[in-house]
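Visitor: turn this into a model:
(chains A and B)
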Amino acid sequence: EADIYQTPRYLVIGTGKKITLECSQTMGHDKMYWYQQDPGMELHLIHYSYGVNSTEKGDLSSESTVSRIRTEHFPLTLESARPSHTSQYLCASWGGAEAFFGQGTRLTVV
Amino acid sequence: RKEVEQDPGPFNVPEGATVAFNCTYSNSASQSFFWYRQDCRKEPKLLMSVYSSGNEDGRFTAQLNRASQYISLLIRDSKLSDSATYLCVVNMFKTGNQFYFGTGTSLTVIP
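Guide: So this is what the prediction gives:
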């Protein structure tokens, strides 16, 4: 099993709230990624990181931000949640031969 | 144009059938290729990497044609447990190891 963890697994929150989705991996991987996936739809890359203090935006425009202060930790923050942010958020890390995914955070903004 | 395109599906096949999925990628500089499996409401998990010479893992065979920029996955003797969405994934060295996912092809194996 991959050692990459996301919390919370499920989150229901009101519009306008600030939220942080946590992602941690204990495999020492430098490259980490955040994807957004709506039910039955494809994954879209929203952020990635090559290592500590490196963050880049992905192909899908996102109102979220990320930080990478430690190798093992890659949190994603929404400053002001909106119903349009309702989706599943998947964190992944690259191990040289394979991408490992966390179990995802299913976010609902009401 | 999307970086990775897959058969739209869905595929509904009887148990024991052989089914093939196809995928094309647009960037000839793509480095690595994979098939991932995603069960409903779960995270994607690696099914198999795809090598230039083609590779097999039990009932699963993957092939890569770099000239045509084409990847395939063949599943023989389908089982009920094969029902899932199969994602074609391409890794590109544009600015770091970005992964590009196809839309996925849904497979349902029917008893």
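Visitor: the bottom helix or strand of chain B by mean pLDDT?
Guide: Of all regular secondary-structure elements in chain B, judged by mean pLDDT, DSSP states H and E, the least confident is strand B:97-101 with a mean of 79.
Visitor: hmm, that strand in reach of chain A?
Guide: Yes. Part of strand B:97-101 sits close enough to chain A to count as contact by CB under 8 Å from any CB of the partner chain, namely B:97-101. Where you see a C-beta, it was placed from the backbone N, CA and C, and this is true even at glycine.
Visitor: same question, stretch B:35-45
Guide: Yes. Stretch B:35-45 lies in contact with chain A when judged by CB under 8 Å from any CB; the contacting residues are B:41-45.
Visitor: which parts of chain B sit against chain A?
Guide: Contact residues (CB under 8 Å from any CB) of chain B with chain A: B:34, B:41-46, B:49, B:87, B:89, B:95-104.
Visitor: drop anything exposed from those.
Guide: Among the residues of chain B next to chain A, those scoring as buried are B:34, B:43-46, B:49, B:87, B:89, B:96-104 (criterion: 16 or more other CB atoms under 10 Å in any protein chain shown).
Visitor: helices or strands up against the helix or strand where residue B:47 lies?
Guide: Assignment of secondary structure by DSSP states H and E places residue B:47 within strand B:45-50. Counting contacts by 3 or more CB pairs under 8 Å, 6 or more residues apart in numbering or on different chains; DSSP states H and E, strand B:45-50 is packed against strand B:30-38, strand B:55-57, strand B:60-65.
Visitor: give me the helices and strands touching the longest one, please.
Guide: Read that as strand B:30-38. Other elements packing on strand B:30-38 under the criterion 3+ CB pairs under 8 Å, 6+ apart are strand B:45-50, strand B:60-65, strand B:70-75, strand B:84-93.
Visitor: is residue 6 in a bridge, and if so with what?
Guide: With no chain named, the answer covers chain A. Applying DSSP bridges to residue A:6 yields these beta-bridge partners: residue A:23.
Visitor: meant chain B actually
Guide: Beta-bridge pairing for residue B:6 (DSSP bridges): residue B:23.
Visitor: now do the contacts for residue B:60.
Guide: Contact analysis of residue B:60 by CB atoms under 8 Å, 6 or more residues apart in numbering or on different chains lists B:35, B:47-48, B:73-76.
Visitor: roughly how far does it sit from residue A:43?
Guide: 21 Å (CB to CB, to the nearest Å).
Visitor: cool, residue B:29 as well?
Guide: From residue B:29 to residue A:43 the distance is 21 Å (CB to CB).
Visitor: now swap in residue A:4 and tell me
Guide: The value you get for residue A:4 to residue A:43, if CB to CB is used, is 15 Å.
Visitor: in space, what's closest to residue A:98 - neighbours in sequence excluded?
Guide: The spatial neighbour of residue A:98 that comes closest, neighbours along the chain excluded (CB to CB, 6 or more residues apart in numbering or on different chains), is residue B:46 at 5.0 Å.
Visitor: list the contacts of the one you found.
Guide: The neighbours of residue B:46, taking CB under 8 Å, 6+ apart as the test, are A:98-99, B:34-37.
Visitor: per-residue confidence at it?
Guide: At residue B:46 the predicted local confidence, pLDDT, stands at 94.
Visitor: what's opposite it in the beta bridge?
Guide: Beta-bridge partners for residue B:46, by DSSP bridges, are residue B:36.
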